[in-house]
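Asker: Need a 3D model of the following:
(2 chains)
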There are 2 protein chains.
Amino acid sequence: MANQLTIIGLKGVPMVQPGDDLTAITLATYAESGLAPEDGDVLVVAQKIVSKAEGRIVAVPAVEPSPEAVALAAEVDKDPRLVEVILSQSRRIVRHRRNLVIAEHRRGWVMANAGIDHSNVGPDDGIERVLLLPVDPDASAEALRQGLMDTTGKRIAVIVSDSFGRPFRCGTCGIALGAAGLPALIDWRGHPDLFGRKLEVTETGFADEIAAAASLVQGQADEATPIVLVRGLSWSAPDKPAAALIRLPEHDLFR
Amino acid sequence: MANQLTIIGLKGVPMVQPGDDLTAITLATYAESGLAPEDGDVLVVAQKIVSKAEGRIVAVPAVEPSPEAVALAAEVDKDPRLVEVILSQSRRIVRHRRNLVIAEHRRGWVMANAGIDHSNVGPDDGIERVLLLPVDPDASAEALRQGLMDTTGKRIAVIVSDSFGRPFRCGTCGIALGAAGLPALIDWRGHPDLFGRKLEVTETGFADEIAAAASLVQGQADEATPIVLVRGLSWSAPDKPAAALIRLPEHDLFR
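Answerer: Numbering: from 1, shown residues only, chains lettered A, B, ... in the order given. Model prediction:
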């Protein structure tokens, strides 16, 4: 909780390439923005640049579609090679219709196209490429957190964010795919309300709310700002990775 | 979009009573916080104080439970009078289990207990009370927006926020029940990405992301800050009420 937050889109993030050092990039964007890392900073980093740095790029022409991918591609009117990539990242296909596949990603996220991203995947050499999600976004967040700690000595939390479509509600919303150095989920059970009664809200999706806030400055289009600094947050709950935000089907009364 | 946002929990919000003037209360909290209203301010007001001001309070002892409520109450182990209130606000019960009813509220929100709130409903006179959602949160937001405009001459947008549990993800997240003076939903279709390709994200839940951001300072417990000021946002999309965020079942591939 906090009384005042500042959310700053850090400047000067370069076009990230496979193998790039996100710690060095992040520190350069702090400097470019005239800021220095501080204890308690929370950095929200768009999944896209994490995936690029991790080399999670697939050249579509090199993909050999399976018969299953060919069949689904015909149903949804997509490139079978793209559908093959989606299937390779998925546990199961939840629903589909023309131009859209909702998949349960291997790591449990239910999302459009298993998170395969088709926009902003350069270079502009005429070869079609797509971007997969990071292999383990909590580990990606932890690696950046550790890199920043080793270099600066500061306690900085990291969230790897994405935008998800949602059941029941229109419009995507920023969410946390990965988190390190903060509680992705906060348990409020037993805290008293204003009148001393037990609170009815049990858990808040802390990292998702931070990712949603950062999404307001990350942007969608050509002014994209993939590294966002959130200042002013504090918490007392123990650290918890973003994997804790995935609701198991057997506990999900909304499904 | 914005490069820097400031999110401020306004100080000195009193215990709101039925009939209270939210415009006057909001202006007093600006003053208490040493701030003056500015064009472009976005105020996120917790549903709870809107409902209280609108007198949406039900005294539980006065409720006469229907046979349907008695039957459901036995299944979920809740007070039949409370279940009666939930049913009165709902189109249908989506799912239920011990101590939890997921309902589709009359206005289309799918949420725990049809939004009936049991905590922080004073006064502390021993009579159990619950709080219903505002009758029309978009209208509530518009009334406050208009009141602030009439009094100050400033263009101030208003969101009436709540916290929702979510399918697929653990933890509640702030969402917009009502909105006025901004686009609750932004349509990005046709905007180019960094390489000039068409963006794949189609719509963003702008007001939901703002409500989630505000939730980080609104708090859950005794330090609650129900009026939050967001500064630094800008947008070019046309105004759209929060009703636009409700996804119709026939368009909802996630269900």
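
Asker: Show me the longest helix that occurs in chain A.
Answerer: helix A:137-152 (DSSP state H).

Asker: and that one, which residues are buried?
Answerer: A:137-138, A:140-145, A:147-148, A:152 (16 or more other C-beta atoms under 10 Å in any protein chain shown). Every residue, glycine included, has its C-beta placed from N, CA and C.

Asker: same deal with stretch A:57-74?
Answerer: A:57-58, A:60, A:63, A:65, A:69, A:72-73.

Asker: now for the residues you listed, which pair is the farthest apart?
Answerer: A:57 and A:72 (22.5 Å; C-beta to C-beta).

Asker: mind listing which of the buried residues of stretch A:57-74 are in strands?
Answerer: A:57-58 (DSSP state E).

Asker: any idea of the pLDDT on the residue in the stretch 51-200 of chain A that chain B sits nearest to?
Answerer: Among the residues of the stretch 51-200 of chain A, residue A:171 lies closest to chain B, at 3.1 Å counting by C-beta to the nearest C-beta. pLDDT for residue A:171: 94.

Asker: Over to residue A:117?
Answerer: 84.

Asker: Excluding residues flanking it in the chain, which one is nearest it?
Answerer: With sequence-adjacent residues excluded and distances taken as C-beta to C-beta, 6 or more residues apart in numbering or on different chains, residue A:117 is closest to residue A:131, at 4.2 Å.

Asker: Check residue A:155 too.
Answerer: In space, residue A:155 is closest to residue A:39, 4.8 Å off (C-beta to C-beta, 6+ apart).

Asker: Now do the contacts for the residue of the stretch 51-200 of chain A closest to chain B.
Answerer: Contacts for residue A:171 (C-beta atoms under 8 Å, 6 or more residues apart in numbering or on different chains) come out as A:165, B:185-186, B:203-206, B:208, B:245.

Asker: swap the cut-off to 6 Å and go again
Answerer: By C-beta atoms under 6 Å, 6 or more residues apart in numbering or on different chains, the contact set of residue A:171 is B:185, B:203-205.

Asker: Need the three-state assignment for the residue nearest the centre of chain A.
Answerer: Most central in chain A under C-alpha atoms, centre = their mean is residue A:161, positioned 2.5 Å from the mean C-alpha point. Taken by DSSP: H, G, I helix; E, B strand; the rest coil, the conformation at residue A:161 corresponds to strand.

Asker: Which pLDDT value goes with it?
Answerer: So residue A:161 comes in at 97 (pLDDT).

Asker: That one contacts residue A:209, correct?
Answerer: No. Taking contacts as C-beta atoms under 6 Å, residue A:161 lies outside contact range of residue A:209: 11.3 Å.

Asker: Near the closest residue to residue A:161 other than its chain neighbours, how many other residues are there?
Answerer: Residue nearest to residue A:161 in three dimensions, not counting chain neighbours: residue A:211, with 4.0 Å by C-beta to C-beta, 6+ apart. Neighbours of residue A:211 under the rule other C-beta atoms under 10 Å in any protein chain shown: 37.

Asker: and if you look at residue A:114?
Answerer: Count around residue A:114 with other C-beta under 10 Å applied: 25.

Asker: For beta bridges, what are the partners of residue A:101?
Answerer: According to DSSP bridges, the residues that bridge with residue A:101 are residue A:96.

Asker: Can you give me the pLDDT of it?
Answerer: Looking at residue A:101, its pLDDT stands at 90.

Asker: now the helices: where do they sit in the stretch 151-255 of chain A?
Answerer: Assigned by DSSP state H, counting those that start in this stretch, the stretch 151-255 of chain A shows helices spanning A:206-218.

Asker: So residue A:167 is in contact with residue B:165, correct?
Answerer: No. Using C-beta under 6 Å, residue A:167 is not in contact with residue B:165; the gap is 11.5 Å.

Asker: Between the two, point out the one with more neighbours.
Answerer: residue B:165 (22 against 18).

Asker: Give me the distance between the more buried one and chain A.
Answerer: Computed as C-beta to the nearest C-beta, to the nearest Å, the residue B:165 to chain A distance reads 7 Å.

Asker: how about residue A:127, what does it touch?
Answerer: residue A:59.

Asker: shaky segments in the stretch 101-250 of chain A?
Answerer: Scanning the stretch 101-250 of chain A for pLDDT under 70 picks out the ranges A:119-120, A:122-123, A:190-201, A:220-223.

Asker: Mind doing that once more with 80?
Answerer: A:118-124, A:189-201, A:219-224, A:249-250 (pLDDT under 80).

Asker: Would you mind giving the secondary structure of residue A:25?
Answerer: Per three-state DSSP, residue A:25 ends up helix.

Asker: Skip the chain neighbours and tell me the closest residue to residue A:216.
Answerer: residue B:209 (5.4 Å).

Asker: Would you agree that neighbour is in contact with residue A:218?
Answerer: No. Between residue B:209 and residue A:218 there is no contact under C-beta under 6 Å: 10.0 Å.

Asker: So which of the two has more stuff around it?
Answerer: In this view residue B:209 and residue A:218 are compared by other C-beta under 10 Å, and residue B:209 has more residues nearby, 28 against 24.

Asker: check contacts around the more buried one.
Answerer: With contact taken as C-beta under 6 Å, 6+ apart, residue B:209 is in contact with A:173, A:212, A:215-216.

Asker: cool, and residue A:10?
Answerer: Counting by C-beta under 6 Å, 6+ apart, residue A:10 has contacts A:29, A:33, A:227, A:229.

Asker: Grab the nearest non-local neighbour of it.
Answerer: Residue A:10 sits nearest to residue A:29 (C-beta to C-beta, 6+ apart), 3.8 Å away.

Asker: relative to helix A:137-152, how tilted is the strand or helix carrying the one you found?
Answerer: Element membership of residue A:29, judged by DSSP states H and E, is helix A:22-32. Helix A:22-32 and helix A:137-152 meet at an angle of 60 degrees, taking axes from the mean of the first three to the mean of the last three C-alpha atoms, to 10 degrees as the criterion.

Asker: picking that back up, export the contacts of residue A:10 to a markdown table and tack on neighbour count?
Answerer: Putting the contacts of residue A:10 into a markdown table (neighbours: other C-beta atoms under 10 Å in any protein chain shown) gives the following:
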| residue | neighbour count |
| --- | --- |
| A:29 | 22 |
| A:33 | 17 |
| A:227 | 25 |
| A:229 | 24 |
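
Asker: Please state the offset of the helix holding residue A:29 from the chain centre?
Answerer: 19 Å (C-alpha atoms, centre = their mean, to the nearest Å).

Asker: hang on, the earlier thing: okay, the residue of the stretch 51-200 of chain A closest to chain B and residue B:185: tell me how far apart.
Answerer: 5 Å (C-beta to C-beta, to the nearest Å).

Asker: Overlap in contacts, the two.
Answerer: Contacts common to residue A:171 and residue B:185, judged by C-beta under 6 Å, 6+ apart, are residue B:203.

Asker: Touching, residue A:55 and residue A:20? I think so.
Answerer: No. If you go by C-beta under 6 Å, residue A:55 and residue A:20 don't touch, sitting 9.5 Å apart.

Asker: Tell me which of the two has more neighbours.
Answerer: Between residue A:55 and residue A:20, residue A:20 has the larger neighbour count (other C-beta under 10 Å), namely 16 against 11.

Asker: Look at that one and report its pLDDT.
Answerer: pLDDT recorded at residue A:20 is 97.

Asker: dump the residue contacts of it.
Answerer: Residues in contact with residue A:20 (C-beta under 6 Å, 6+ apart) are residue A:53.
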